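>>> Build me a model from this:
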Amino acid sequence: MRELWNEEYPARLNCKTMQDFEFYLNGLSNTKHYLLFDALDKISGWAFTFLREDENWFAIILNHQIQGKGNGTLLMNELKKNNTTLNGWVVDHENEVKQNAAHYKSPMPFYIKNDFTILTEIRIENEKMSGVKINWKR
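Model prediction:
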């Protein structure tokens with residue numbers, strides 16, 4: 001899962017070691033994972049929900065080769081089945097690059113298509129991420 005994270009998220013979000021990755025995941029509470037496997041049983045999609053400051057949060061990562069084919073919506077619908085509200089941080093600009101130097105495309109159109117509200121007044125700006133908060137309510 002760390003490999004998928006590092007390959008698909010912006011480079012500045014990379015977890016350089018497995019210990020960094022485990023530290024991040026172990027710091028989350030009430031975590032529930034959802035996985036998509038390819039024909040070779042390799043993880044090609046991963047979503048997870050967790051509790052942060054009494055709110056339900058989520059993250060979703062898809063291998064770029066399976067994006068745009070309904071796989072993200074499939075995972076998102078599973079998250080929505082099990083939650084009444086979801087919050088996330090989303091890169092809302094086109095200035096990021098991935099670890100392979102490829103351009104990171106903002107997933108904002110995906111979230112808009114999946115009925116999320118963009119909370120433009122709530123931003124995160126730090127050395128790891130620049131983005132906006134999004135929210136979905138049943």
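
>>> What are the buried residues along the biggest helix by length in the chain?
The longest helix of the chain (DSSP state H) is helix 71-81. Residues of helix 71-81 classed as buried: 71-72, 75-76, 79-80 (neighbour count, 16 or more other C-beta atoms under 10 Å). Every residue, glycine included, has its C-beta placed from N, CA and C.

>>> Same list (those residues) but as TSV, adding pLDDT and distance to residue 57.
Shown next, in TSV, are the buried residues of helix 71-81 (pLDDT from 0 to 100; distance: C-beta to C-beta, whole Å):
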residue	pLDDT	distance to residue 57
71	95	21
72	95	17
75	96	15
76	97	14
79	97	11
80	97	14
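
>>> Going by distance to residue 9, which of those wins?
residue 72 (14.1 Å; C-beta to C-beta).

>>> List the residues that contact that closest one.
45, 60, 62, 107, 110, 114 (C-beta atoms under 8 Å, 6 or more residues apart in numbering).

>>> quick check, nearest of these to residue 27?
Of these, the one sitting nearest to residue 27 (C-beta to C-beta) turns out to be residue 60, at 18.7 Å.

>>> Before we go further, residue 88 is sitting in a strand, right?
Yes - assignment of residue 88 by DSSP: H, G, I helix; E, B strand; the rest coil places it within a strand.

>>> Report the distance from the longest helix of the chain to the chain centre.
12 Å (C-alpha atoms, centre = their mean, to the nearest Å).

>>> Check stretch 104-119 too.
On C-alpha atoms, centre = their mean, the centre of stretch 104-119 falls 11 Å from the chain's centre.

>>> hang on, the earlier thing: which member of the contacts of residue 72 is positioned nearest residue 99?
For the contacts of residue 72, the nearest to residue 99 is residue 62 (16.0 Å; C-beta to C-beta).

>>> which ones are touching that closest one?
Residue 62 sits in contact with 8, 36, 44-45, 71-72, 75, where contact means C-beta under 8 Å, 6+ apart.

>>> change it to 6 Å
Applying C-beta atoms under 6 Å, 6 or more residues apart in numbering to residue 62 gives the contacts 45, 71-72.

>>> same check, this time on residue 11
97-99.

>>> Throw the residues you listed into a markdown table and include secondary structure, thanks.
Conversion of these to a markdown table gives the following (three-state DSSP):
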| residue | secondary structure |
| --- | --- |
| 97 | strand |
| 98 | strand |
| 99 | coil |
